[in-house]
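A.B. asks: Please find the sequence and the predicted model below.
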Amino acid sequence: MPVPVSVTHGKSSTGRQSEIAIHEALPTTSSFFAGLGSAQASNGTARQVTAMDVTAVTTTTTTATMTTTATAADVTAATAPRQPVGHAIETNGLSFQYPGIDGRPLDESHFVIKDMSITIPRGSTVLLIGPNGAGKTTLLKVLAGKHMVREGAVAVLSASPFHDPSLTTSGKLNYVGGNWERDVAFAGYSIPLAGDIPARQMLNSMPGVSKERIKRLVDVLDIDPEWRMHLVSDGQRRRVQIAMGLLKPFDVLLLDEITVDLDVLGRADLMKFLREECAERNATVVYATHIFDGLESWPSHVVYVAQGQVQLYEESGAIPELARGNLLGLVEGWLREERDRRLGARAHETGRIEYRGDQGSVADALAEWNNGWKAGRMTSSLKQSSNAVMRG
């Protein structure tokens, strides 16, 4: 985020000319107003002060005053921090589904996000809540520009995050989620990033980041710069990951369950830091989590998502359970209600509660078309698909 530059305007040429005019028009002695009714000056020279002279002086004085006032206003406007306009995040009828193994979209029953419309103002701290599989991670990745959606469906800082990569390259939009993992040949998938790299080297590797911000993040996350990534715990590695994601000052930050490995103190300090960032820089944070202890006073807004749709979007002041310190009980009630509704609907359709899995004509057709294989994996991606080589 660009730092507002304090600019002091010098006086304009009009303002200087007006001041010269004032000094030329007004006398240097205090006898000017006293001599308005006299036709004779003290030095004996006759000089008639007319009404036109007084009007000219008054007009010049007024103009100079207006110029001085305008100049002061310009200086104030230039030196004051500029508050961004518009909303931080907007979705308009957003729907999204992952494609099948052949790259083609599935049927309408497989939408992960369905007709979602929401507007989040700048400066908000938003708590994103929902059961597993509700679409929280997918929503955050769409907002981060990691999945393509139609233009106009999503706007972050008044731009499309997928079609405008400058949002992420500038650091204005930032997504922090998942684990530091990589795929290693002959070793497996999702191997933790555990190279022999010191934390100091990683934190100093990003250009354009001030030393003051690095120091503040090291203090907030309690990072030892001498930590080496192959010798630390998962929680310590997570602290370095979060710090790397926060090095550039953000305008919109999307956090996907990144505090799962932190202890209570580390999580509390991070939440406090994020609130300060939003208050000081009018930034916006959307935080998805399943850990709710001590979060009652953190959010300005709460979003509850289930079945790919927004079930509730409220300011925190409109939710009395937050004031009573009962966020955990509130969320537990929501999730139990959603589970009972989902199981009840399934039992009503089939007559019994059962796992349907990937059965059905669509899954069977895709498995037959592509033999059930997923690129880069030595496993079948569809249940009941054949691994036999198809020969024609």
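C.D. replies: Okay, I see it. Numbers count the residues shown, from 1 in each chain.
A.B. asks: Show me the strands in the stretch 201-350 of the chain, by range?
C.D. replies: Using DSSP state E, counting those that start in this stretch, the strands assigned to the stretch 201-350 of the chain run over residues 252-256, 284-288, 301-306, 309-315.
A.B. asks: To what extent is the nearest residue in space to residue 130 that is not next to it in sequence buried, counted in neighbours?
C.D. replies: Among residues not flanking residue 130 along the chain, residue 305 sits closest, at 3.9 Å (CB to CB, 6 or more residues apart in numbering). Placement of C-beta: from N, CA and C, glycine included. A count of nearby residues for residue 305, using other CB atoms under 10 Å, gives 23.
A.B. asks: Touching, residue 309 and residue 117? I think so.
C.D. replies: No. Between residue 309 and residue 117 there is no contact, the gap being 10.0 Å when judged by CB atoms under 8 Å.
A.B. asks: what about the two, which has more around it?
C.D. replies: More crowded of residue 309 and residue 117, by other CB under 10 Å: residue 309, with 16 against 12.
A.B. asks: Output the below-cut-off pLDDT ranges for the stretch 1-150 of the chain.
C.D. replies: 1-85, 108-109 (pLDDT under 70).
A.B. asks: just to revisit the earlier point, closest to residue 122 out of the strands of the stretch 201-350 of the chain?
C.D. replies: Relative to residue 122, the nearest member of these by CB to CB is strand 284-288, separated by 5.6 Å.
A.B. asks: show me where the stretch 251-392 of the chain has helices.
C.D. replies: 264-281, 320-323, 327-350, 361-370 (DSSP state H, counting those that start in this stretch).
A.B. asks: In CSV: the ones you listed, plus distance to residue 298 and mean neighbour count.
C.D. replies: Compiled in CSV, those are given as follows (distance: least, CB to CB, whole Å; neighbours: other CB atoms under 10 Å):
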stretch, distance to residue 298, mean neighbour count
helix 264-281, 5, 16
helix 320-323, 9, 14
helix 327-350, 9, 14
helix 361-370, 41, 15
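A.B. asks: Considering those, which stretch scores lowest in mean pLDDT?
C.D. replies: Of all these, helix 361-370 carries the lowest average pLDDT, namely a mean of 48.
A.B. asks: Near residue 315, how many other residues are there?
C.D. replies: 13.
A.B. asks: That one and residue 176, how far apart?
C.D. replies: Distance from residue 315 to residue 176, counting by CB to CB, to the nearest Å: 25 Å.
A.B. asks: returning to what we had before: wait, doesn't the residue nearest to residue 130 sit right on residue 311?
C.D. replies: Yes. Counting by CB under 8 Å, residue 311 is a contact partner of residue 305 at 6.6 Å.
A.B. asks: coming back round to it: partner residues bridging the residue nearest to residue 130?
C.D. replies: Beta bridges link residue 305 to residue 310, judged by DSSP bridges.
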